[in-house]
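Student: the following block contains a protein sequence and its predicted model.
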Amino acid sequence: MDSAAIATLRNRLRGEVITPHDPPYEQARRVWNGSIDRHPAVIARCADAEDVQCAVTFGREQDLLTAVRGGGHSFLGLSTCDDGLVIDLSPMKSIAVDLPVRTVRVQPGVLLGELDQHTQPHGMVVPAGIVTHTGVAGLTLGGGLGWVHRRYA
């Protein structure tokens, strides 16, 4: 990986850019399924939507295989890759509950348990998933079945 390109990415991202030479790399590259042992060339831990756009552009410009990680729970390891770019959305954890409308908006790094902590006190439930450490983004896109699925689906 070109060190000048990495330096440019570091200057553009509000979030953290991690390479195999950085101390947090070993922890940052891991996903929930311990049998998945992949080594990305660079991990972009995005702080906001602009960071995501910047990371996507970087991956395209550098012609990198790119994986996107929300919660990192993908059993098949689809949220990581070897020798490519991982766009890590886990730092993006905003949760906004609109009580009058009874809706909730979440960023892609939110885990199901974190969402439940914000909605359950208001009598709200999200009918997706049952494992609290699963990412909401993956459940939304991949279709997790929840405790109330049969009643509301």
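Tutor: That came in fine, so what should we check first? Residues are numbered from 1 along each chain as shown.
Student: break this structure into its domains for me.
Tutor: 3-88, 95-152 (automatic domain parsing).
Student: redo those as a markdown table? Include mean neighbour count and mean pLDDT.
Tutor: For every residue, glycine as well, the C-beta is placed using N, CA and C. As requested, the domains of the chain are exported to a markdown table (neighbours: other CB atoms under 10 Å; pLDDT from 0 to 100):
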| stretch | mean neighbour count | mean pLDDT |
| --- | --- | --- |
| domain 3-88 | 17 | 96 |
| domain 95-152 | 16 | 86 |
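Student: thinking Ser90 is in contact with His73, fair?
Tutor: No - look at Ser90 against His73 with CB atoms under 8 Å: they stay out of range, at 10.7 Å.
Student: can you give me the helices in the chain?
Tutor: Assigned by DSSP state H, the chain shows helices spanning 3-12, 25-29, 49-61, 112-119, 136-142, 149-152.
Student: centre-most residue in this structure?
Tutor: Centroid-nearest residue in the chain, with CA atoms, centre = their mean: Gly70, separated by 1.7 Å.
Student: list the contacts for that residue?
Tutor: Ser79, Leu89, Ser90, Pro108, Gly109, Gly135, Val136, Ala137, Gly138 (CB atoms under 8 Å, 6 or more residues apart in numbering).
Student: joint contacts of Ser90 and His73?
Tutor: Contacts common to Ser90 and His73, judged by CB under 8 Å, 6+ apart, are Gly135.
Student: please look at Thr19 and Ala41 and confirm they touch.
Tutor: Yes - taking CB under 8 Å as the definition, Thr19 is a contact partner of Ala41 at 7.0 Å.
Student: now do the shared contacts for these two.
Tutor: Common neighbours of Thr19 and Ala41 (CB under 8 Å, 6+ apart) are Met1.
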